[in-house]
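**Q** Dropping the sequence and predicted coords here.
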Amino acid sequence: MGKYDDIIDLPHHVSKKHPQMSMRDRAAQFSPFAALTGFEEAVNDTVREDIEGKNNIGYMHDEEDRLSALYGQGDL
């Protein structure tokens with residue numbers, strides 16, 4: 001005898017209080033989403049502001065320094 005044999009053939013419960021969710025709304029629950037919408041843009045803005053600020057005091061001397069700071073890879 002299986003673990004769920006006593007309930008496997010019972011009819012599916014349908015609530016009398018709550019209307020059934022549409023297939024579209026149900027599918028939307030499982031669709032991919034961007035949990036951190038705008039995160040990448042915010043990081044890029046921060047890096048850009050940091051680079052521009054350091055450029056103003058002569059910190060970054062060339063394009064290679066700016067790219068290294070932007071992509072966080074140290075010396076290229």
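**A** Good, I have the coordinates. Numbers count the residues shown, from 1 in each chain.
**Q** Which positions in the longest helix anywhere in the chain come out as buried?
**A** Longest helix in the chain by number of residues (criterion: DSSP state H): helix 39-56. Using 16 or more other CB atoms under 10 Å as the test for burial, helix 39-56 gives Ile51. For every residue, glycine as well, the C-beta is placed using N, CA and C.
**Q** what mean pLDDT does it have?
**A** Here helix 39-56 scores 75 as its mean pLDDT.
**Q** other SSEs contacting that helix?
**A** Contacts defined by 3 or more CB pairs under 8 Å, 6 or more residues apart in numbering; DSSP states H and E place helix 39-56 against helix 63-71.
**Q** on that earlier part again, how far off centre is the longest helix of the chain?
**A** 21 Å (CA atoms, centre = their mean, to the nearest Å).
**Q** try stretch 12-19
**A** With CA atoms, centre = their mean, you get 33 Å for stretch 12-19.
**Q** Let's see the pLDDT reported for His18.
**A** pLDDT, His18: 93.
**Q** any idea what it is structurally, helix, strand or coil?
**A** Under DSSP: H, G, I helix; E, B strand; the rest coil, His18 falls in the coil class.
**Q** and it, how many neighbours does it have?
**A** 7 (other CB atoms under 10 Å).
**Q** That one and Leu10: what is the separation?
**A** Distance of His18 to Leu10, computed by CB to CB, to the nearest Å: 19 Å.
**Q** Next: Phe39.
**A** 46 Å.
**Q** go on, Thr37?
**A** Applying CB to CB to Thr37 and Leu10 gives a distance of 42 Å.
**Q** One more: Pro19?
**A** Distance check for Pro19 against Leu10: by CB to CB, it reads 22 Å.
**Q** Run a quick neighbour tally on Leu67.
**A** As a burial measure, Leu67 scores 13 neighbours (other CB under 10 Å).
**Q** What of Tyr4?
**A** 9.
**Q** try Pro32
**A** When counting by other CB under 10 Å, one arrives at 5 neighbours for Pro32.
**Q** and it, which of the three is it?
**A** coil.
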